[in-house]
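Peer 1: Next input, structure requested:
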Amino acid sequence: MKKIIGVLVLLICIIGISSGVFYYINSKEDAKQMAYGKEIRPEVLTYLKKEGYDSSDIVKSEIQIDKKMNDKHAVRIAIIFADDKNHVYYYFKDKKGNIYQNGATGEKHYEE
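Peer 2: From the prediction side, this is the model:
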């Protein structure tokens, strides 16, 4: 009986330690991705200004992280325009440093 309890305690400790390490690694990755998002957010807003949008045309700009991906492409900036508040337009930065729209829930501000 003592062996079973000892094995159970050992398993619980291993699971606890593994969970802690996994959480620590993921939180560091999340912090890196948020920092990258904070870096590219002003670049996206500058891009939109060059495309002819005024700051009053944008209701919301939000950093979003796609947990399914594990690189800089997991970070996108979601934009909601004042004249199309029910739709979201997603902007990314490619490896060459170009900002581009890659996805939208609406068509009014969709870029091809």
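Peer 1: List the residues that contact the residue positioned nearest the centre of the chain.
Peer 2: With distances taken as CA atoms, centre = their mean, Ile65 lies nearest the centre of the chain, 1.5 Å away. Ile65 makes contacts with Asp30, Gln33, Met34, Gly37, Ala74, Val75, as judged by CB atoms under 8 Å, 6 or more residues apart in numbering. Yep, even glycine has a C-beta here, placed from its N, CA and C like the rest.
Peer 1: again, but for His109
Peer 2: Ile79, Phe81, Asp84, His87, Tyr89.
Peer 1: can you rerun that using 6 Å?
Peer 2: By CB atoms under 6 Å, 6 or more residues apart in numbering, the contact set of His109 is Phe81, Tyr89.
Peer 1: how far away is it from Thr46?
Peer 2: 16 Å (CB to CB, to the nearest Å).
Peer 1: before we move on, the earlier item: tell me what the residue nearest to the centre of the chain is bridged to.
Peer 2: For Ile65, the beta-bridge partners under DSSP bridges are Val75.
Peer 1: looking at the protein, which helix or strand is least sure?
Peer 2: In the chain, no helix or strand scores lower on mean pLDDT, DSSP states H and E than helix 2-50, which sits at a mean of 75.
Peer 1: what's the burial count for Val75?
Peer 2: If you count neighbours by other CB atoms under 10 Å, Val75 ends up with 23.
Peer 1: just Ala74 next, same as before
Peer 2: 18.
Peer 1: Check the one 4 residues further on too.
Peer 2: The burial metric for Ala78, expressed as a neighbour count using other CB under 10 Å, is 17.
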